[in-house]
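**Student:** Next input, structure requested:
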Amino acid sequence: MSTENKPDLPASGYSLIKVYTPHFELSHAQGSQTGPQSVLSFGSEWRKRSDDDFDVLLKVKIDPSGDRPERLVVHLVGQFKRVGTPTLSIEDFANMNAVAILFPYLRQQLTTATMSSFFGPFYLPMVNVSALMARRKVSQQVTSTEQQRRAIRASKKR
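**Tutor:** Modelled structure (predicted):
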């Protein structure tokens, strides 16, 4: 392969090795509708498998609604490996870049899985991953602060 035409792009230092779905659930939830529109919950976490390998897990849950009385839960895992010299820490890459890399796989999994359902395909909207992760970080900080307050109140009652 010639390197003459190779674009000079900044490499992250990580490579996606494998994507798989360890958990998938699609169930009809008659009588448990929460409202006219589906409520979508999203989560992500990551863990090191070794100094050079780590997994990123994306979780999405779509609760039943009047429009779509189905409950859908999908967990998607991406396995990543360090290659070369990373320009980001594993934590920074896993919490932002890896989520953005895996989001199209998650979107495709949801659409493909619901394609044959009675209510038709579910299309996960395009998401600003940076804004989503920033919102989650603020939410986690608020939750952490509230947990600290509860612990302080509990210790004062003793």
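
**Student:** pLDDT score for the residue nearest to residue 91 when sequence neighbours are not counted?
**Tutor:** With sequence-adjacent residues excluded and distances taken as C-beta to C-beta, 6 or more residues apart in numbering, residue 91 is closest to residue 46, at 7.9 Å. (C-beta placed from N, C-alpha, C; glycine too.) Note on residue 46: pLDDT of 95.

**Student:** what sits against residue 46?
**Tutor:** 54-57, 91, 94-95, 98 (C-beta atoms under 8 Å, 6 or more residues apart in numbering).

**Student:** Among those residues, the buried ones, what's the ChimeraX command?
**Tutor:** Buried residues among the contacts of residue 46 (16 or more other C-beta atoms under 10 Å), as a ChimeraX selection:
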select :54,55,56,57,94,95,98
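
**Student:** Make sure I have this right: residue 98 is in a strand.
**Tutor:** No - with DSSP: H, G, I helix; E, B strand; the rest coil as the criterion, residue 98 is located in helix rather than a strand.

**Student:** Excluding chain neighbours, what is closest to it?
**Tutor:** Residue 98's closest residue in space is residue 56 (C-beta to C-beta, 6+ apart), at 4.2 Å.

**Student:** what about residue 123, which helix or strand?
**Tutor:** Under the criterion DSSP states H and E, no helix or strand holds residue 123.

**Student:** Could you number the chain from 748 rather than 1 from now on?
**Tutor:** In the new numbering, first residue 748, that becomes residue 870.

**Student:** Tell me who's in contact with the closest residue to it other than its chain neighbours.
**Tutor:** Excluding the flanking residues, the one nearest residue 870 by C-beta to C-beta, 6+ apart is residue 858, at 5.9 Å. Going by C-beta under 8 Å, 6+ apart, residue 858 touches 868-871.
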